[in-house]
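Chemist: fold the stuff below for me.
(chains A, B, C and D)
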2 protein chains.
Amino acid sequence: MARAATTSDAFNAIAEPQRREILVLLRGGERPVTELAQDLGMSQPQASKHLRVLREVGLVRVRGAGKQRLYGLDARGLRPLHEWLGGFERFWSGSFDRLDEYVQDLKQARREEPPDGDDQ
Amino acid sequence: MARAATTSDAFNAIAEPQRREILVLLRGGERPVTELAQDLGMSQPQASKHLRVLREVGLVRVRGAGKQRLYGLDARGLRPLHEWLGGFERFWSGSFDRLDEYVQDLKQARREEPPDGDDQ
DNA sequence: CCATCATATGCCTATATCGGAATGCGTCAA
DNA sequence: TTGACGCATTCCGATATAGGCATATGATGG
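Modeler: Presented below is the predicted three-dimensional model:
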């Protein structure tokens, strides 16, 4: 087997940095393809391809506006990501984080020490 | 070019569903490789490979415990993801979400009128 | 030293990617 | 209709993946 398709979930879709940048740009409002391509320094075909992936996983939507096609953000598609991440929040937030870090450092330090006597 | 390496970021590392499951399991505490492999129904080599990726991006850490190697969660590596996602929070939370949904439904309904073979 | 358990790594194949270049297709204006 | 514009879709090549399998490495107890 190979890697899962980029269109299989939002997780895979946003693994590509340029697609993440597209989404960030779209936070500012709808945009035509060529404008996105220019702002991100990529070719128009590449932009179209990335947008296709984002559309297939439901992260953007299109709207025809004359000759142009305006792409807009559909951030609801990011919710699965947010929810999955939420399950880990307690591991890095607030004092819990510092406690965890402290415990880790203790363990690490203990491993790096010779099994010598306990001082004091 | 091909796809970015799975070890290039946390984004790419967690694109793989089984790696996500490993992280979820590790929320319950440290675990040896074989146990993870069994619980997730994958071979031991596969588990080791996934754990290698997760370790290279700093999402897990290892600790030798006799014959075993205990893998533990290092959720700090998920922070970039959380922060990136944070930039989109206002787009799906609260009434903003409902308004957006409403507008989407309107547009979708309007587009289903012509015999169009739209997206899937 | 040897046998055994726990884990890591190597080799292999099929597959899907990103990127570039060329081209197809739809829309608008004259 | 013709031309120009905006965008989508091909075809191509190089690359790295997930997974199966075999094997190397490493620690432990006799």
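
Chemist: point me to the residue of chain A nearest DNA strand C.
Modeler: Nearest residue of chain A to DNA strand C: A:Ala2, at 2.8 Å (CB to the nearest atom of the strand). Bear in mind the C-beta positions are built from the backbone N, C-alpha and C, glycine included.

Chemist: can you give me the neighbour number for that residue?
Modeler: Neighbourhood size, A:Ala2 [other CB atoms under 10 Å in any protein chain shown]: 5.

Chemist: name the SS class of it, please.
Modeler: At A:Ala2 the chain is in coil, as set by DSSP: H, G, I helix; E, B strand; the rest coil.

Chemist: what are the phi and psi values at it?
Modeler: phi -110, psi -170 (degrees, to the nearest 10).

Chemist: up against chain B, what does chain A have?
Modeler: A:3-4, A:6, A:9, A:11-12, A:14-17, A:20, A:23-24, A:27, A:55-56, A:61, A:63, A:73-76, A:78-79, A:81-82, A:84-85, A:87-89, A:91-92, A:97, A:101, A:104, A:107, A:111 (CB under 8 Å from any CB of the partner chain).

Chemist: which of these are buried? Put it as a PyMOL command.
Modeler: Those of those that count as buried under 16 or more other CB atoms under 10 Å in any protein chain shown are selected in PyMOL with:
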select buried, chain A and resi 6+9+11+12+14+15+16+20+23+55+56+61+73+74+75+76+78+79+81+82+84+85+88+91+92
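
Chemist: show me where chain A has strands.
Modeler: A:31-32, A:60-65, A:68-73 (DSSP state E).

Chemist: will you turn the ones you listed into TSV that also has distance to A:His50 and mean pLDDT?
Modeler: What follows is those, written out as TSV (distance: least, CB to CB, whole Å; pLDDT from 0 to 100):
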stretch	distance to A:His50	mean pLDDT
strand A:31-32	13	98
strand A:60-65	10	94
strand A:68-73	10	97
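
Chemist: hmm, A:Ile14 and A:Arg20 touching each other?
Modeler: Yes: the pair formed by A:Arg20 and A:Ile14 meets the contact definition of CB atoms under 8 Å, at 5.4 Å.

Chemist: overlap in contacts of those two?
Modeler: B:Phe11 (CB atoms under 8 Å, 6 or more residues apart in numbering or on different chains).

Chemist: what distance do you get for the residue nearest the centre of chain A to DNA strand D?
Modeler: Nearest to the geometric centre of chain A sits A:Ile14, at 5.0 Å (CA atoms, centre = their mean). Counting by CB to the nearest atom of the strand, to the nearest Å, the separation of A:Ile14 from DNA strand D is 15 Å.
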